[in-house]
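Student: coords please:
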Amino acid sequence: MDILLLVIGLILIIVGIVGCVVPGLPGPISGWLGLLVAMLSKVIPMDWQFLSITLLVAIVISVLDYFIPAIGTKKFGGSKYGTYGSIIGLLVGIFAPIPGGILIGPFVGAFIGEYIKNSDAPQATKAAFGSFIGFLVSTGMQLIVSIAFAVLYFRLLSDNWEAIKAIF
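Tutor: Prediction:
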């Protein structure tokens, strides 16, 4: 059973990394679940403080993922129209049956929102670019956290290697 838990934990860690770049798969939350499942085995001791801190990080990063594109829009001179357009575009992009919808959606949404407000295509493009930069920053943060969770997972394995070898 312990081997199965460690394998499931590894699969969740991998899903966490892949989920940072593939829409529909949860990134850091999956990685955190991998850490939790590994600690449910008898060979890796349960550490509630470690799990609490890593869960908090996973939740914060996952929530920020929805707001950073809108923040990028605002930083590049976008108005509330561009910010709301970015959020609406993200939601449409997640469910759009087109490749790259999650990339295109916030950009197009911010552009449309800004264009509705000002009818100024250069300004709308600048705000849309900010949304795209925000998306890249958000994805990068998720990827860093998910890779850190993978490093922590393998550190747990190496710290408890003697106990793991005993189950084989």
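Student: from here on, contacts and neighbour counts on C-alpha atoms
Tutor: OK.
Student: avg pLDDT for stretch 46-58?
Tutor: Taken as a whole, stretch 46-58 has an average pLDDT of 96.
Student: Over to stretch 68-85?
Tutor: For stretch 68-85, mean pLDDT rounds to 79.
Student: One more: stretch 126-135?
Tutor: Mean predicted confidence for stretch 126-135 is 80.
Student: Number of residues surrounding F67?
Tutor: Burial of F67 is recorded as 18 neighbouring residues (other C-alpha atoms under 10 Å).
Student: Which residue, other than its chain neighbours, is closest to it?
Tutor: Once flanking residues are discounted, F67 sits nearest to I87: 7.7 Å by C-alpha to C-alpha, 6 or more residues apart in numbering.
Student: Mind listing what's buried along the helix or strand harbouring the one you found?
Tutor: Taking DSSP states H and E as the criterion, I87 maps to helix 80-95. Buried residues in helix 80-95, counted by 16 or more other C-alpha atoms under 10 Å: 80-94.
Student: follow-up on the earlier one: quick one, what contacts the residue nearest to F67?
Tutor: 66-67, 69-70, 106, 109-110 (C-alpha atoms under 8 Å, 6 or more residues apart in numbering).
Student: So which of these sit within helices?
Tutor: Among those, the ones falling in helices (DSSP state H) are 66-67, 69-70, 106, 109-110.
Student: Reformat those residues as TSV; add distance to F50.
Tutor: TSV is the format used below for these (distance: C-alpha to C-alpha, whole Å):
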residue	distance to F50
Y66	25
F67	26
P69	30
A70	31
P106	35
G109	39
A110	39
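Student: Break down the chain into its strands, ranges please.
Tutor: For the chain, no strands are identified by DSSP state E.
Student: what's the residue closest to the geometric middle of it?
Tutor: Q142 (3.9 Å; C-alpha atoms, centre = their mean).
Student: I'd say that residue and P28 touch.
Tutor: Yes. In this structure Q142 lies within contact range of P28 using C-alpha atoms under 8 Å: 6.3 Å.
Student: Now for these two: what residues contact both?
Tutor: What both Q142 and P28 touch, as defined by C-alpha under 8 Å, 6+ apart, is the set 20, 61-62.
Student: contacting residues around the nearest residue to G24 once chain neighbours are set aside?
Tutor: With C-alpha to C-alpha, 6+ apart as the criterion, G24 has its nearest non-adjacent residue at 7.6 Å, and that residue is I94. Applying C-alpha under 8 Å, 6+ apart to I94 gives the contacts 23-24, 101-102, 105.
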